[in-house]
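S.K.: Pasting the sequence and the predicted coordinates here, then a few questions.
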Amino acid sequence: MITRSKLVEQLFRDYQIRSQQRKCPILSFFSPKAFLSTWTDVAVASLIALLFGILTISSYLTLYYRHFWYSLLIISSAVLLAVRLQMSRWALARKKEKRMLLPLSL
């Protein structure tokens, strides 16, 4: 049963997560979740940031050595990575929104 006190506790936990998240704002850009709440989220965000950096550097190198098709492949994969992160954030936000739409009188 959802009560107002449980809703207040959930909002308070979300507020605490947001205040803790400010420690590393750059990693929150690479995280599939909106807020970094656990070490797993930080590890996933770090891995994706490292992968994005490697893709960026390798695309610069392939452009330098004039391998344009390889560069196009690498740049498109980096763009697809960013788009996939955004889509996963939207999906998690919709899932959370559906959960919050339950009536309080249940």
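M.R.: On my side now, so go ahead.
S.K.: so where do the helices sit in this protein?
M.R.: In the chain, the segments counted as helices under DSSP state H are 4-21, 25-29, 39-64, 68-100.
S.K.: can you put these in JSON lines and add mean neighbour count and mean pLDDT?
M.R.: All C-beta spots, glycine's among them, are computed from the backbone N, C-alpha and C. Output for the helices of the chain, formatted as JSON lines (neighbours: other CB atoms under 10 Å; pLDDT from 0 to 100):
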{"stretch": "helix 4-21", "mean neighbour count": "12", "mean pLDDT": "75"}
{"stretch": "helix 25-29", "mean neighbour count": "13", "mean pLDDT": "75"}
{"stretch": "helix 39-64", "mean neighbour count": "14", "mean pLDDT": "91"}
{"stretch": "helix 68-100", "mean neighbour count": "13", "mean pLDDT": "88"}
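S.K.: Distance-wise, check the closest residue to residue 81 other than its chain neighbours relative to residue 32.
M.R.: Nearest residue to residue 81, sequence neighbours excluded (CB to CB, 6 or more residues apart in numbering): residue 52, at 6.2 Å. Going from residue 52 to residue 32 by CB to CB, to the nearest Å gives 13 Å.
S.K.: My read is that residue 41 contacts residue 30, right?
M.R.: No - using CB atoms under 8 Å, residue 41 is not in contact with residue 30; the gap is 10.4 Å.
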